[in-house]
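Undergrad: using only what follows, build the 3D model:
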Amino acid sequence: MADPRPLSPTETRLADAVQAGLPAAIADLGRLVRIPSVSWAAFDPAHVQASAEAVAALARGTGVFDEVRVSRAAQPSGEPGQPAVLATRAARDGRPTVLLYAHHDVQPPGDEAHWETRPFEPTVRGERLHGRGAADDKAGVMAHLAAVRALAETGAADGLGLALFIEGEEEFGSRSFSAFLAQHRTELAADVIVVADSDNWDTTTPALTVSLRGNATFRLTVSTLDHASHSGLYGGAVPDAMLAAVRLLATLHDDRGSVAVEGLRSRDAETPEYDEERLRDEAGLLDGVTPIGVGSVPSRLWSQPSITVTGIDAPSVANASNTLLPSVSVRVSTRVAPGQSAREAFEAVERHLRSHAPFGARIEIDDVDAGDPFLVDTSGWAVEEAERAMTDAWGAPAVRTGIGGSIPFISDLVREFPDAQILVTGVEDPDSRAHSPNESLHLGVFHRAVLAEALLLARIAERTA
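TA: Purely as a prediction, here's the structure:
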């Protein structure tokens, strides 16, 4: 990638508008962070509705869109999905249309004792805005809106068609996403799709994500008894469910920590330099704890499968009694390397678990969610335009990266809009701690991400569809 180039007079005015609009954009982001819009079933859906209405009001306030509405689609179960925001403006004079995607729902806060600030009280500390959703992905929402505001103020992309789609259940598996696409296909159709839900290389280097792992998650229940029994009377002769579950889960990895499931595949790809010391720092490894797996660090994060137990249903330590547990349930998350379907990966893990159940334990698997991995087609003009806009806005060449996390709905976008060019961008950095306590947004990254998107949209507007 070439070095940054000077901005044109129009682009300089656009950059000035982005700079002037930052205080309002950050204040609006803070107001969104205050809404605890957790989309998981156990949380109050009224907060997600309030968040959607707040985003819709901000979209209307830009004065750019012909129509703004809050809409829902049905999940596969038939239950209504969480509310999404859809705003549209028709293209004029033969200009392209760009679909801007982000999501306004957030992860649960987890144990608030682990937060240094209140999770839903936006707090600026140094260069970072702290709060749940401050980075993932309400910052993505505001990056889109701030870029659109700057374009509206300068008239830099008046003929460009725009569709703004702000989803309300990405953190809960995007269960109504496919139905929403089908229901609103005409409004969402675009030449370029910008998904603002990814990471940057660091706080001074932008990244364009070109590969994503898929995911296959499910609940595994291991049972050995039809009722709890006294551990003193029967322990040592009767296998309890926890023993069986621990033994079974241990078979999923080898001694180096690599996945040991036959049928899970990896992908060969070149990776940038990223050493284990950086991994230790960014992931927060404790002194003496070693990384796991083999191969380059990026290949382990982007191109190899992983399996993680993310939850256990069992008595807490405070409620433990001297009994053999009859059943234990765990949540298993499998990350799938690009090149393998999520369904194939799930079937491989299921076969492994059923064939390795110790002591004849009974295995039940349900509540399955799956999303395919994705490789960006980097041959189109939109990738070149995005990298150029990033380089000019950040003052540093953009890096092409993969991401270990999943954005499974992208495969739905590819299926529904096969001719659209897809760009995966974002406002996060390695210390954003998305999904974790003390999530935060680097405000310098936010500024540069908004400017990069504004430049990209202005330059796309100069093209013909």
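
Undergrad: how is this protein carved up into domains?
TA: Domain assignment of the chain by automatic domain parsing yields the ranges 9-212+373-460, 215-267+304-370.

Undergrad: what's the closest of those domains to E276?
TA: Nearest to E276 among the domains of the chain is domain 215-267+304-370 (13.1 Å), distances taken as CB to CB. Yep, even glycine has a C-beta here, placed from its N, CA and C like the rest.

Undergrad: sorry, back to before: could the domains of the chain be laid out in JSON lines, adding mean pLDDT, mean neighbour count and distance to A2?
TA: Below are the domains of the chain laid out as JSON lines (pLDDT from 0 to 100; neighbours: other CB atoms under 10 Å; distance: least, CB to CB, whole Å):
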{"stretch": "domain 9-212+373-460", "mean pLDDT": "95", "mean neighbour count": "21", "distance to A2": "7"}
{"stretch": "domain 215-267+304-370", "mean pLDDT": "96", "mean neighbour count": "17", "distance to A2": "28"}
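
Undergrad: turn those into a markdown table, including distance to L285.
TA: Putting those into a markdown table (distance: least, CB to CB, whole Å) gives the following:
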| stretch | distance to L285 |
| --- | --- |
| domain 9-212+373-460 | 13 |
| domain 215-267+304-370 | 12 |
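
Undergrad: next one: phi and psi at R125?
TA: Per-residue torsions, R125: phi -130, psi 110 (degrees, to the nearest 10).

Undergrad: of the domains of the chain, give the one that comes closest to D287.
TA: Evaluated over those, closeness to D287 peaks at domain 215-267+304-370, with 17.9 Å, by CB to CB.

Undergrad: which residues of the chain fall in helices?
TA: Secondary structure of the chain by DSSP state H: the helices cover 9-33, 45-61, 138-154, 177-183, 185-188, 231-234, 241-250, 276-283, 297-298, 342-355, 381-394, 410-416, 443-460.

Undergrad: can I get these in CSV including distance to I363?
TA: Output for the helices of the chain, formatted as CSV (distance: least, CB to CB, whole Å):
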stretch, distance to I363
helix 9-33, 41
helix 45-61, 33
helix 138-154, 39
helix 177-183, 29
helix 185-188, 40
helix 231-234, 22
helix 241-250, 8
helix 276-283, 31
helix 297-298, 34
helix 342-355, 6
helix 381-394, 44
helix 410-416, 29
helix 443-460, 45
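
Undergrad: let me know which of these is the nearest to P206.
TA: helix 381-394 (3.9 Å).

Undergrad: who touches the closest one?
TA: 1-5, 7, 11, 15, 192, 194, 204-206, 208, 210, 376-377, 397-398, 400, 421, 423, 425, 448-449, 451-453, 455-456, 459-460 (CB atoms under 8 Å, 6 or more residues apart in numbering).

Undergrad: try stretch 405-418
TA: Counting by CB under 8 Å, 6+ apart, 101, 167, 170, 173-174, 177-178, 181-182, 185, 188-190, 193, 195, 197-198, 212-215, 335-336, 342, 370-374, 420, 422, 424 sit against stretch 405-418.

Undergrad: so which of the domains of the chain gets nearest P298?
TA: Taking CB to CB, domain 9-212+373-460 is the member of those nearest to P298, at 6.7 Å.

Undergrad: ends of the closest one, how far apart?
TA: From its first residue to its last, domain 9-212+373-460 covers 17 Å (CA to CA, to the nearest Å).

Undergrad: likewise stretch 112-120?
TA: Criterion CA to CA; first-to-last residue distance in stretch 112-120 is 10 Å.

Undergrad: quick one: that stretch to chain centroid distance?
TA: Relative to the centre of its chain, stretch 112-120 is centred 21 Å away, using CA atoms, centre = their mean, to the nearest Å.

Undergrad: what residues does it touch?
TA: Residues from elsewhere that reach stretch 112-120 (CB under 8 Å, 6+ apart): 33-36, 109, 123, 125, 130-132, 437-439.

Undergrad: restricted to strands, list those residues.
TA: Among the contacts of stretch 112-120, the members found in strands (DSSP state E) are T123, R125, H130.

Undergrad: kindly reformat those residues as a markdown table containing distance to N319.
TA: A markdown table is the format used below for the ones in strands among the contacts of stretch 112-120 (distance: CB to CB, whole Å):
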| residue | distance to N319 |
| --- | --- |
| T123 | 34 |
| R125 | 37 |
| H130 | 33 |
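
Undergrad: which one of the residues you listed is nearest to A90?
TA: The shortest approach to A90 among the ones in strands among the contacts of stretch 112-120 belongs to H130, at 39.2 Å (CB to CB).

Undergrad: so in terms of bridging, what pairs with that closest one?
TA: T123, S440 (DSSP bridges).

Undergrad: for M1, give me the pLDDT.
TA: pLDDT for M1: 57.

Undergrad: again with G288
TA: Looking at G288, its pLDDT stands at 95.

Undergrad: measure it to H253 for me?
TA: Look at G288 and H253: by CB to CB, to the nearest Å, they are 19 Å apart.

Undergrad: just the strands in the stretch 201-350 of the chain please.
TA: 207-212, 214-223, 229-230, 306-313, 323-324, 327-336 (DSSP state E, counting those that start in this stretch).

Undergrad: how much space between A269 and Q304?
TA: Relative to Q304, A269 is positioned 10 Å away (CB to CB).
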